[in-house]
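**Q** please find the sequence and the predicted model below.
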Amino acid sequence: MSVKAEHYDVIRKPIITEKATLASENGAIVFEVAHDSNKPQIKEAVEALFGVKVKAVNTVITKGKTKRFRGIKGTRKDVKKAYVTLEEGNSIDVTTGL
């Protein structure tokens, strides 16, 4: 099974936070994805890269916070996250990397 380079363009990195860990207990894994990717592309990329069956994909765009550094205002980047729910019996260990 060949992996297309565009799958790596869709999925940037896994997100490992306290909230993502709670989601993983219910069979969901959280990934940072490209802004222009859609749900079918994310599903196809996860299935091709990890060899698992995807049940559902939910996406959310987190707006970047406004921060100050040495008195200068700046804005962090917007992040698109995908909550990927897996079929029963499938799992991904995100601590090992791609």
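**A** Everything's here; your move. Numbering: from 1, shown residues only.
**Q** buried ones in stretch 48-57, by neighbour count?
**A** A48, L49, F50, V52, V54, V57 (16 or more other CB atoms under 10 Å). No exception for glycine: its C-beta is placed from N, CA and C like everyone else's.
**Q** distance between the ends of that stretch?
**A** 15 Å (CA to CA, to the nearest Å).
**Q** looking at the protein, which helix or strand does the model trust least?
**A** For the chain, counting by mean pLDDT, DSSP states H and E, helix 5-10 ranks last in confidence among helices and strands (a mean of 81).
**Q** which SSE is immediately downstream of that one?
**A** strand 11-14 (DSSP states H and E).
**Q** give me the contacts around the least confident helix or strand of the chain.
**A** Helix 5-10 is contacted from outside by V33, A34, S37, Q41, I42, E44, A45, A48, L49, L98, using CB atoms under 8 Å, 6 or more residues apart in numbering.
**Q** before I go, just wanted to say thanks for your time.
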